[in-house]
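Colleague: One predicted model, sequence on top.
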Amino acid sequence: MVAPRKANPTVKFIDDYCQVYQNQFPEVRSFEAFKNIQIGMISDIKRKTLPALADLVGLSNAQGLHHFISNSPWEVFLFRRKRLELILAALQGEKVFLLIDDTGARKKGASTDYVQRQWIGNLGKMA
């Protein structure tokens with residue numbers, strides 16, 4: 001049996017951060033897509049769309065990142081549980097507050113990828 005290949009390295013601190021999550025991904029391609037998305041999310045690019053992230057990390061298209069988000073065989077529940085374990089271990093019993101702003105404020109512009117018209121409750125209409 002051939003051993004699976006190792007994931008391509010990226011930036012050291014991204015590789016170090018992502019290493020604890022590697023066992024959450026059954027395929028090396030999924031793990032690489034995870035690392036590429038992490039790079040894109042911390043980058044200073046204005047638009048964090050999949051095509052923009054793919055371009056940033058040097059992929060020819062965003063198909064692999066799209067597949068990772070929509071069809072990849074990783075388990076969201078297990079990933080969330082692992083992330084929560086790591087956060088609780090890092091906090092070492094310290095109390096924290098999480099504030100979520102879910103105002104439903106209207107989003108403006110026509111250049112956002114993957115966005116369609118939807119009902120906006122606080123406006124009382126489609127927008």
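Modeller: In hand now; what should we look at?
Colleague: Tell me the secondary structure at N61.
Modeller: Under DSSP: H, G, I helix; E, B strand; the rest coil, N61 falls in the coil class.
Colleague: List the residues that contact the residue nearest to the spatial centre of the chain.
Modeller: Nearest to the mean C-alpha position of the chain, counting by Cα atoms, centre = their mean, stands I37 at 5.3 Å. Neighbouring residues of I37 by Cβ atoms under 8 Å, 6 or more residues apart in numbering: L53, L65, F68. C-beta here means a position set from N, CA and C on the backbone, and glycine is covered the same way.
Colleague: Tell me where this protein has strands.
Modeller: Taking DSSP state E, the strands of the chain run over residues 119-120, 125-126.
Colleague: rank those by pLDDT, which is bottom?
Modeller: Note on the strands of the chain: lowest mean pLDDT is at strand 125-126, with a mean of 58.
Colleague: on that earlier part again, out of the contacts of I37, which is nearest to G93?
Modeller: Nearest to G93 among the contacts of I37, counting by Cβ to Cβ, is F68 at 34.3 Å.
Colleague: Please verify my assumption that that closest one contacts F34.
Modeller: Yes: with contact defined as Cβ atoms under 8 Å, F68 reaches F34; the gap is 6.9 Å.
Colleague: Just the ones of the contacts of I37 in helices?
Modeller: L53, L65, F68 (DSSP state H).
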